[in-house]
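Colleague: following is a predicted model, sequence given first.
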Amino acid sequence: MLWIFYALIKTGEDLLITINAAGIVIESIYIILYFVYAPKKAKLFTAKIMLGLNVGFFGLILLVTLLLFKGDKRVVALGWICVGFSVSVFVAPLSIIKRVIQTRSVEYMPFSLSLSLTLSAVVWFLYGLLIKDKYVALPNILGFTFGVVQMALYMFYMNKTPVAEGKEAGTKLPAEADEHVVNIAKLSPALQEKNREVHPFTEIGIPMRNCGAMAGPANRDTVGFANHSPAVGVV
């Protein structure tokens, strides 16, 4: 949309209008298919982005360039805006490059896509030089650079064994923590056995005959029970 607007303002840029009109049609089909199959939450998020960028931000660019700039200044302003967005398109694959390095897998970076990006950048760079339009030529230098980097990474990792994401982040406790857990486990049975030891009162220095003397009238039933039951003490 921006490149078509730039070509219309500059005039005489029929090729820019043609290729970007085709691009709008292809990307619209892509977005429609995305809305058909994407989850509801993703659809809402994408709709907000489209409204914000394709309607709000693009409309703001139209107003600013048409109202605040005239003649060649308008072309210059639009040209640099187009360069900024083109650079962002070429920088976007950096996230894929990072993922390829982390996973040692080229699954998310097809070679045909990288090759097409590189060839397209070369052709548009040459076209920009021929028509002496730096706004067309400059971003494609970056596109060519990233295209070559992607193809080099593909050749380097194509035969590597992939590494699952998050594999290195295990759940094993550190060695020191393991040692503490083992020590507690060793001590637990001893503590439980000690708590379960039972001894007669006589072993702890309380003769059976003194129970009645220590008990008052209110405790006769308890004393009688003690006299007829084995007296035990829990330590």
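Modeller: Yes, it's here.
Colleague: so what's the residue nearest to residue 107 when sequence neighbours are not counted up against?
Modeller: In space, not counting the residues next to it along the chain, residue 107 is nearest to residue 162; the distance is 7.5 Å by C-beta to C-beta, 6 or more residues apart in numbering. For every residue, glycine as well, the C-beta is placed using N, CA and C. When contacts are counted by C-beta atoms under 8 Å, 6 or more residues apart in numbering, residue 162 is found next to 103-105, 107.
Colleague: give the burial count for residue 40, as a bare number.
Modeller: Taking other C-beta atoms under 10 Å as the neighbour definition, residue 40 ends up with a count of 7.
Colleague: got it, and residue 88?
Modeller: Neighbour count for residue 88, taken as other C-beta under 10 Å: 10.
Colleague: in three-state terms, label it for me.
Modeller: Reducing the assignment to helix, strand or coil with DSSP: H, G, I helix; E, B strand; the rest coil, the entry for residue 88 is helix.
Colleague: and it, how far from residue 94?
Modeller: Going from residue 88 to residue 94 by C-beta to C-beta, to the nearest Å gives 11 Å.
Colleague: pretty sure residue 46 sits against residue 34.
Modeller: Yes - with contact taken as C-beta atoms under 8 Å, residue 46 and residue 34 are classed as touching, separated by 6.7 Å.
Colleague: re earlier: kindly confirm my reading that the residue nearest to residue 107 is in a helix.
Modeller: No - using three-state DSSP, the secondary structure at residue 162 is coil, not a helix.
Colleague: from residue 95, how far off is it?
Modeller: Here the criterion is C-beta to C-beta. By it, residue 162 lies 18 Å from residue 95.
Colleague: quick one: the strands in the chain?
Modeller: 198-200, 232-234 (DSSP state E).
Colleague: lowest average confidence across these, which one?
Modeller: For these, mean pLDDT drops lowest on strand 232-234, to a mean of 47.
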